[in-house]
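Student: The following comprises the amino acid sequence and a computationally predicted model.
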Amino acid sequence: MRRKVTKAIFPVAGLGTRFLPATKSVPKEIMTLVDRPLIQYAIDEARAAGIKEFIFVTSRGKGALEDYFDHAPTLEQELRKKGKDQLLSILKDTNMDSGAIAYIRQHKALGLGHAVWCARRLIGNEPFAVILPDDVIAAEKPCLQQMVEAYEQTGGNMVAAMEVPASQASSYGVLDVEEDMGQMVKVRGMVEKPKAEEAPSNLAVIGRYILDPDVLRSLNQMKSGAGGEIQLTDAIAQEIGGDNGVYGYRFRGQRFDCGSKSGFLQATVSFGLAREELREDLLGFIRDAVRMENAAE
């Protein structure tokens, strides 16, 4: 019987320099998309996929991230006193049960592969998920839930994949496809940040993974890859051709790169328009802004 995926790693040790000066005192993962921080979207997605244990790989200065998931008795008491039950319910979703969440420090910024490796002792010999909070995915069925359902059929290692223009291939890990089965592809190779003319396909890996614990053993080798960092894709690539295999999953949904200012703004507009109570005012503002821009030209 295939083991269920109940643990997830959230690599959140980055400094968020692209969002300075905001990230001088606020962890990037706490930055708010409409009315929820980025990390809450990632946690909600993990919960929907059946994740029970949440492992955060952090660094110095991430105290606000840890506090966010703690209970706030004074605030809760005040809301209860004022009869604000709806806000209490919203607040409840931000709380994590004792023992469900763990924090591991990554003391040196040696890459995504190294960040995942830091959590190896908490993973043990179980399959696990990796979620990058920078990648926010709007989907009817959460992306990781889609992947877990597919994983139940295939096992092995699975990466979320989406088609990108050739000009953007150098920003991603790109799949070399052995067999295209529609929603799923069987992978024969992975190339980290290739030049546009050398990319083996237009299928790029984005920040959702379901991995076999053998990947952690590959990461033990501490081999440097692209950019001099320990790349997770390199460790996953070592599993190709083995007993477990590697698959790419074309998820259904729209991905926003909230690690960039442009992507963060696009996500804010998109998620704002999806909220019924905000849609009319926001649409009116956008129409007026476009009208003024056109008139200025």
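Tutor: Received the coordinates, thanks. Numbering: from 1, shown residues only.

Student: Surely Pro165 and Val174 touch.
Tutor: No - checked against Cβ atoms under 8 Å, the pair Pro165 and Val174 is beyond contact range at 11.9 Å. Just so you know, the C-beta spots here come from the backbone N, C-alpha and C atoms, and that holds for glycine as well.

Student: and those two? which has more neighbours close in?
Tutor: Neighbours per residue, other Cβ atoms under 10 Å: of Pro165 and Val174, the larger number sits with Val174, 27 against 9.

Student: which residues touch the more buried one?
Tutor: Remark: with contacts taken as Cβ atoms under 8 Å, 6 or more residues apart in numbering, Val174 is in contact with Met190, Val191, Pro194, Ala199, Pro200, Ser201, Asn202, Leu203, Ala204, Val205.

Student: how about it, phi and psi?
Tutor: When quoted as degrees, to the nearest 10, the phi and psi of Val174 stand at phi -120, psi 140.

Student: separation between it and Thr17?
Tutor: As judged by Cβ to Cβ, to the nearest Å, Val174 and Thr17 stand 25 Å apart.

Student: residues of the helix ranked longest in the chain that come out buried?
Tutor: If you go by DSSP state H, the chain has its longest helix at helix 276-296. Using 16 or more other Cβ atoms under 10 Å as the test for burial, helix 276-296 gives no buried residues.

Student: I figured Tyr172 hits Ile206, correct?
Tutor: Yes - A contact is recorded between Tyr172 and Ile206 when judged using Cβ under 8 Å, the distance being 7.4 Å.

Student: returning to what we had before: for the longest helix of the chain, give me every contacting residue.
Tutor: For helix 276-296, contacts defined as Cβ under 8 Å, 6+ apart pick out Val34, Val269, Gly272, Leu273.

Student: Val34 is in contact with the third one, correct?
Tutor: Just to be clear, that refers to Gly272. Yes - between Gly272 and Val34 a contact is recorded at 5.6 Å, counting by Cβ under 8 Å.

Student: So which of those two has more stuff around it?
Tutor: More crowded of Gly272 and Val34, by other Cβ under 10 Å: Gly272, with 19 against 14.

Student: how about that one, what does it touch?
Tutor: If you count contacts by Cβ under 8 Å, 6+ apart, Gly272 has them with Val34, Leu278, Arg279, Leu282.

Student: likewise Arg120?
Tutor: With Cβ under 8 Å, 6+ apart, Arg120 has these contacts: Leu216, Leu219, Asn220.

Student: now do Val205
Tutor: Val205 makes contacts with Val159, Ala160, Ala161, Tyr172, Gly173, Val174, Leu175, Met190, Thr233, Gly248, as judged by Cβ under 8 Å, 6+ apart.

Student: can you pull up the bridge partners for it?
Tutor: When bridges are called by DSSP bridges, Val205 pairs up with Ala161, Gly173.

Student: Could you tell me the per-residue confidence at it?
Tutor: According to the prediction, Val205 has pLDDT 91.

Student: Now find how far off-centre the helix or strand hosting Glu78 is within its chain.
Tutor: Glu78 is part of helix 73-81, with elements assigned from DSSP states H and E. A distance of 32 Å separates the centroid of the chain from that of helix 73-81, by Cα atoms, centre = their mean, to the nearest Å.

Student: Give the other helices and strands that the following helix or strand past it contacts.
Tutor: Read in the C-terminal direction, the helix or strand following helix 73-81 is helix 85-92, with elements assigned using DSSP H and E. Counting by 3 or more Cβ pairs under 8 Å, 6 or more residues apart in numbering; DSSP states H and E, the packing neighbours recorded for helix 85-92 are helix 73-81.

Student: Can you tell me what sits against stretch 230-245?
Tutor: Under the contact criterion Cβ under 8 Å, 6+ apart, stretch 230-245 has outside partners 110-114, 116-117, 130, 154-157, 159, 173, 186-190, 192, 205, 209, 211-212, 214-216, 218-219, 222-225, 246.

Student: Now do the contacts for the nearest residue to Val148 once chain neighbours are set aside.
Tutor: Residue nearest to Val148 in three dimensions, not counting chain neighbours: Ala49, with 4.7 Å by Cβ to Cβ, 6 or more residues apart in numbering. The contact partners of Ala49, by Cβ under 8 Å, 6+ apart, come to Val5, Ala129, Pro142, Leu144, Gln145, Met147, Val148.
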